[in-house]
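Visitor: would you be able to build a 3D model of this:
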Amino acid sequence: SAIRSLISASRRESIQAETPHLGKIDFAVLSTPVPAEPPLHLTPLQSFREILIGGPSFSALSEKELCFSDLKKYPFICLGRETATFQFYNQLFLSQELELIPDTEAATTDQILPLVKNNLGLAFLPEPMALESLAKQEVLQITISEKLPLRHICLVHDHQHPLNSGARELKKIILGERMD
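Guide: This is a model prediction of the structure:
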């Protein structure tokens, strides 16, 4: 039995256009926030925090503590407006009565790090994705006064939609369960 679809999606509409309960895909692995309502079920797989980083030309900022309003003074890189991550940060900025207006919008999270390394701006990035570049001093962490909420990578599945055997086995692997 084959798995219907294996997709990588960072776009907010992916959970709506490719929802597991529509039968187009068996399940999805997405980062929160995920606009999933019953009968969809979210299973957290891993939590992560995002950190603010900048390239070498922003090294003076690594000695300061910035707040969201300070980010307006510097070029800012973010995922595109159609992504859940953009909506997440937009809500955080709105809670501070600020508008999120990135100077550069990346299509995927893995595109952000090269942009930052090349001094095109500051960006929030999941800490695990930045660790190697931080260790090599290709980017610098910048302290931000606002506490960023913990985010999660989740498996999204419609429990009313039965999985075929291939999808069941892949789900077991993702969840770290023992295969029979």
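Visitor: ok, how many other residues are close to P162?
Guide: By other CB atoms under 10 Å, 9 other residues sit near P162. In short, each C-beta sits where N, CA and C put it, glycine included.
Visitor: secondary structure class for it?
Guide: Secondary structure, DSSP: H, G, I helix; E, B strand; the rest coil: P162 is coil.
Visitor: how near is it to G176?
Guide: Using CB to CB, to the nearest Å, one obtains 22 Å as the distance from P162 to G176.
Visitor: all helices for this structure, in order.
Guide: Using DSSP state H, the helices of the chain run over 13-17, 84-95, 112-117, 127-135, 165-175.
Visitor: could those go into TSV alongside mean pLDDT, mean neighbour count and distance to E146?
Guide: Formatted as TSV, the helices of the chain follow (pLDDT from 0 to 100; neighbours: other CB atoms under 10 Å; distance: least, CB to CB, whole Å):
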stretch	mean pLDDT	mean neighbour count	distance to E146
helix 13-17	49	15	27
helix 84-95	93	17	7
helix 112-117	98	20	19
helix 127-135	97	14	16
helix 165-175	89	14	32
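Visitor: and the ones you listed as CSV, adding distance to F76?
Guide: Supplementary listing: the helices of the chain in CSV, determined by distance: least, CB to CB, whole Å:
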stretch, distance to F76
helix 13-17, 23
helix 84-95, 10
helix 112-117, 10
helix 127-135, 16
helix 165-175, 33
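Visitor: shaky segments in this protein?
Guide: Applying pLDDT under 70 to the chain flags residues 1-24, 178-180.
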